[in-house]
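[1] based on what follows, work out the 3D shape:
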Amino acid sequence: MKFFIIFLLFLIPSNLYAKDNLSGTSWIQSGLDVNGKRRGYTLNFEKNRVFGNDSCNNYNGKYVSDDNSLSFGENFASTKRACQNNYAAEFYEILQKIKSYSKNDKFLYLKDSQNSVLTVFRRAKPRINGEWEVVLYNDGKNYMSSLLKGTTITSTIDKNQIGGKMSCNDYGASYTLGDKTIQIRKIFSSLKACERASLEKQDEIFLKALNNSKFYKLNGSTLELRDENGFLQLLLKK
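    Residues are numbered from 1 along each chain as shown. I've put the predicted structure just below:
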């Protein structure tokens, strides 16, 4: 007998996750700062934690954001590597002046109390790239189900392509990312006959969940894909 682990899923619309619209995003300095320089600073936001590179060392600290307001904590921890060109002091000085921001799919504009842009960052390569395994999938009735015993479904995400192996077939698709949105298109799969009908059914339901996915959210080593109403469709882990 096979056992299924069923999880009741509550409706959590994507726009109600939090008012922090920066969490889960990554940025690399693009425009010049107030000193007319481009230093290559990076910013990664994750649940009130910010981390990245200050032109020399890796750092981490705290931030607070609500809608378009943004402020950074005063105390940052960093590695202690010696660099010939170290502009960390400038970086932290700029961060302390930030009071708000605006952004689009490509750029992040950091502003001071006078709403003047101090520096511009461009969106970094999505951190969803990599090797993933499906942990739970939506069964089509907004319940989350674990995979059949002894089966795995993998997802390799890279260069606007997603694909992998299902219970008995391979699949693939193209995708584009927006601001927490994901558009998955042109889904295809191989047509190998499955040993059991249950395997074929699991593959079919997985592909439907993938097709329904409209929003993504990173939580450390897990990736959530949700539909337009906020229902979880797939939970993946690295």
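[2] low-confidence ranges, the protein, go.
    Applying pLDDT under 70 to the chain flags residues 1-18, 31-38, 125-126.
[3] and the biggest helix by length in the chain, which residues are buried?
    Longest helix of the chain, by residue count under DSSP state H: helix 197-212. Buried residues in helix 197-212, counted by 16 or more other C-beta atoms under 10 Å: 199-200, 202-203, 206-207, 209-210, 212. Every residue, glycine included, has its C-beta placed from N, CA and C.
[4] other SSEs contacting that helix?
    strand 130-138, strand 170-177, strand 182-189, strand 232-237 (3 or more C-beta pairs under 8 Å, 6 or more residues apart in numbering; DSSP states H and E).
[5] right, so those: which one is the most enclosed?
    Most buried of the helices and strands packed on helix 197-212, by mean neighbour count (mean count of other C-beta atoms under 10 Å): strand 232-237, with a mean of 21.
[6] tell me the strands beside that strand, with direction?
    Strand 232-237 has the following strand partners under DSSP bridges: strand 130-138 (antiparallel), strand 222-226 (antiparallel).
[7] quick check: angle from the shortest one to strand 182-189?
    With axes from the mean of the first three to the mean of the last three C-alpha atoms, to 10 degrees applied, the angle from strand 222-226 to strand 182-189 works out at 90 degrees.
[8] ok so, going back, relative to Thr156, which of the helices and strands packed on helix 197-212 is closest?
    The closest of the helices and strands packed on helix 197-212 to Thr156 is strand 130-138. By C-beta to C-beta, the value is 5.7 Å.
[9] for that closest one, what is the distance to the chain centroid?
    Counting by C-alpha atoms, centre = their mean, to the nearest Å, strand 130-138 is centred 14 Å from the centre of its parent chain.
[10] likewise stretch 101-116?
    Averaging C-alpha positions (C-alpha atoms, centre = their mean) puts stretch 101-116 20 Å from its chain's average.
[11] kindly report the same for stretch 100-113.
    Centroid displacement of stretch 100-113 relative to its chain, using C-alpha atoms, centre = their mean, is 18 Å.
[12] also stretch 180-197?
    The chain centre lies 22 Å from the centre of stretch 180-197; the measure is C-alpha atoms, centre = their mean.
[13] thinking again about what came up before, so can I have CSV of the buried residues of helix 197-212 showing distance to Thr222?
    Formatted as CSV, those follow (distance: C-beta to C-beta, whole Å):
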residue, distance to Thr222
Leu199, 25
Glu200, 27
Gln202, 20
Asp203, 22
Phe206, 17
Leu207, 21
Ala209, 16
Leu210, 16
Asn212, 19
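[14] and Ser100, how close does it get to Ser71?
    Distance, Ser100 to Ser71, using C-beta to C-beta, to the nearest Å: 9 Å.
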